[in-house]
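# generate coordinates for the sequence data below:
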Amino acid sequence: MKIPTDLRFTRDHEWIRAEDDSATIGITEFAQDELGEIVFVELPEVGQELQKGETLCVVESTKAASDVYCPVSGKVIEVNSTLSESPDLVNSSPYKEGWMVKLELSDQDELSSLLDADKYEQVVES
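Okay, the predicted model is just below:
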């Protein structure tokens, strides 16, 4: 499993790609592999304000339903509506086409609490 070095990660297996004052969020390859085949993704509403640690969305797989947690605080500015028709994109392309939500960041400082690729790899291995 190759962990992208341009992303930040949480211990709960979410990834985040920050660009200026916005961020794209999804779940990691490890998370989707643990969940199995993704059959449904319940996305938040555009405009919804979320706090770090709150439930961002729900992912249902053939094994279970799991919450995806918001790694940083912000306002939802876009959702990947393609996932409603093709939730399997989370499995086939977790870091590209399988992204879930874009946020307008409300606190840039929260990014510093996230893991880099090396630290996240240690989490996965333990």
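# go ahead and confirm R17 touches D6.
Yes: contact status for R17 versus D6: in contact at 6.9 Å, counting by CB atoms under 8 Å. Backbone N, C-alpha and C define where each C-beta goes, glycine included.
# comparing those two, which residue is more hemmed in?
More crowded of R17 and D6, by other CB atoms under 10 Å: R17, with 16 against 10.
# which strand residues bridge that one?
Beta-bridge pairing for R17 (DSSP bridges): T24.
# list the contacts of it.
Residues counted as contacts of R17 (CB atoms under 8 Å, 6 or more residues apart in numbering) are 6-8, 23-25.
# quick check, L83 in a helix?
Yes: assessed with DSSP: H, G, I helix; E, B strand; the rest coil, L83 lies in a helix.
# distance of the closest residue to it other than its chain neighbours relative to S61?
Leaving aside its sequence neighbours, L83 sits nearest to V41 (CB to CB, 6 or more residues apart in numbering; 4.4 Å). V41 is 10 Å from S61, where distance means CB to CB, to the nearest Å.
# the two: which has the busier surroundings?
V41 (25 against 19).
# how about the helices in this structure?
Along the chain, counting by DSSP state H, helices occupy 29-35, 82-85, 89-92, 117-125.
# which of these sits closest to Y69?
helix 29-35 (11.0 Å; CB to CB).
# quick check: buried residues in the closest one?
Buried residues in helix 29-35, counted by 16 or more other CB atoms under 10 Å: 29-32, 35.
# the nearest residue to L56 once chain neighbours are set aside: how many residues sit nearby?
Once flanking residues are discounted, L56 sits nearest to C70: 4.2 Å by CB to CB, 6+ apart. If you count neighbours by other CB under 10 Å, C70 ends up with 25.
# number of residues surrounding Y120?
Residues contacting Y120 under the criterion other CB under 10 Å number 22.
# what does the one 4 residues further on give?
Summarising burial for V124: neighbours were counted as other CB under 10 Å, giving 14.
# any idea how far the residue lying closest to it once chain neighbours are set aside lies from H13?
Distances taken as CB to CB, 6+ apart place F30 nearest to V124, at 5.1 Å, with adjacent residues excluded. Distance of F30 to H13, computed by CB to CB: 6 Å.
# good, we can wrap up now.
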